[in-house]
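# Build me a structure from this.
(one chain, ligands or ions: 1)
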Amino acid sequence: MRFEYPRHLRFRCLRCALCCRDTEVRERRILLLEMEARRISEATSMEVEEFAERIEGSEPFLYRMRKREGRCLFLRGNFCSIYEIRPIICRFYPFQLENLGGDRYRFSYTEECPGIGEGPELGREFFEELFEEFLKVMATI
Ligand code: SF4
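Sure thing, here's the model as predicted:
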């Protein structure tokens, strides 16, 4: 498998939690795989329906995280209370992985994130780790 990634890009998460809530211009859709919803349910002792709603048309994602006042249900202040088991969509933000056909992929990013342009330049290792996460999750589907 091969992937392309943005060169000479700087990024550091500023812990602003923008990616965990709606903004004036964007409604956040925090999508969950079934396995992720189950894992969160086990860790929090909540029923899946309490924190997520079932959706159709976004397979392999089968759930959407519920929000309270436009914020992810698991956000406490600016901190994620399920950080260690957060969904892959949250692990990836502000990056996305697009399939270019066959075994070719490309990472892109959103300028919405204020952490873009901050911090150290990202090297191939950073994207390799993300890509491995992606492969691990895909192997469970
Ligand atoms: S929007 Fe960007 S900088 Fe802010 S918490 Fe999310 S990833 Fe970090």
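# Which other helices and strands does the longest helix seen in the chain contact?
Selection of the longest helix in the chain by residue count, based on DSSP state H, yields helix 124-139. Here helix 124-139 touches helix 88-92, strand 95-101, strand 104-109, going by 3 or more CB pairs under 8 Å, 6 or more residues apart in numbering; DSSP states H and E. Where you see a C-beta, it was placed from the backbone N, CA and C, and this is true even at glycine.
# is any part of it close to the ligand?
No. Interface with the ligand: helix 124-139 contributes nothing (CB under 6 Å from any ligand atom), its closest point being 12.8 Å away.
# What would that helix look like as CSV? C-alpha coordinates only.
What follows is helix 124-139, C-alpha atoms only, in CSV (Å, rounded to 0.1, in the frame of the first residue of the first chain):
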residue,chain,number,x,y,z
ARG,A,124,6.7,10.6,6.9
GLU,A,125,6.8,8.8,10.3
PHE,A,126,3.8,10.8,11.5
PHE,A,127,1.7,9.8,8.5
GLU,A,128,3.0,6.2,8.7
GLU,A,129,1.6,6.0,12.3
LEU,A,130,-1.8,7.3,11.1
PHE,A,131,-1.8,4.9,8.2
GLU,A,132,-1.1,2.0,10.5
GLU,A,133,-4.0,3.0,12.7
PHE,A,134,-6.2,3.1,9.6
LEU,A,135,-5.0,-0.4,8.6
LYS,A,136,-5.6,-1.8,12.1
VAL,A,137,-9.1,-0.4,12.2
MET,A,138,-9.9,-1.6,8.7
ALA,A,139,-8.8,-5.1,9.6
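# As a quick check, tell me the outermost residue of this structure.
The centre of the chain is farthest from one residue, residue 102, which by CA atoms, centre = their mean lies 23.1 Å away.
# Tell me the confidence at that one?
On the pLDDT scale, residue 102 is placed at 94.
# So it versus the ligand, what's the distance?
30 Å (CB to the nearest ligand atom, to the nearest Å).
# how close does residue 22 get to residue 72?
10 Å (CB to CB, to the nearest Å).
# Just the CA atoms from stretch 13-27 would do, formatted as CSV, please.
Taking Å, rounded to 0.1, in the frame of the first residue of the first chain, the C-alpha atoms of stretch 13-27 are listed here in CSV:
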residue,chain,number,x,y,z
CYS,A,13,-2.7,20.2,18.4
LEU,A,14,-3.6,23.3,20.5
ARG,A,15,-6.3,21.5,22.5
CYS,A,16,-8.9,24.1,21.5
ALA,A,17,-11.5,21.4,21.0
LEU,A,18,-12.8,23.0,17.8
CYS,A,19,-13.0,19.6,16.2
CYS,A,20,-15.3,18.3,19.0
ARG,A,21,-18.1,20.8,18.5
ASP,A,22,-20.2,22.7,16.0
THR,A,23,-19.1,26.1,14.8
GLU,A,24,-21.0,28.9,13.2
VAL,A,25,-20.1,27.5,9.8
ARG,A,26,-19.9,23.8,10.3
GLU,A,27,-22.0,21.1,12.0
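# That'll do, ta.
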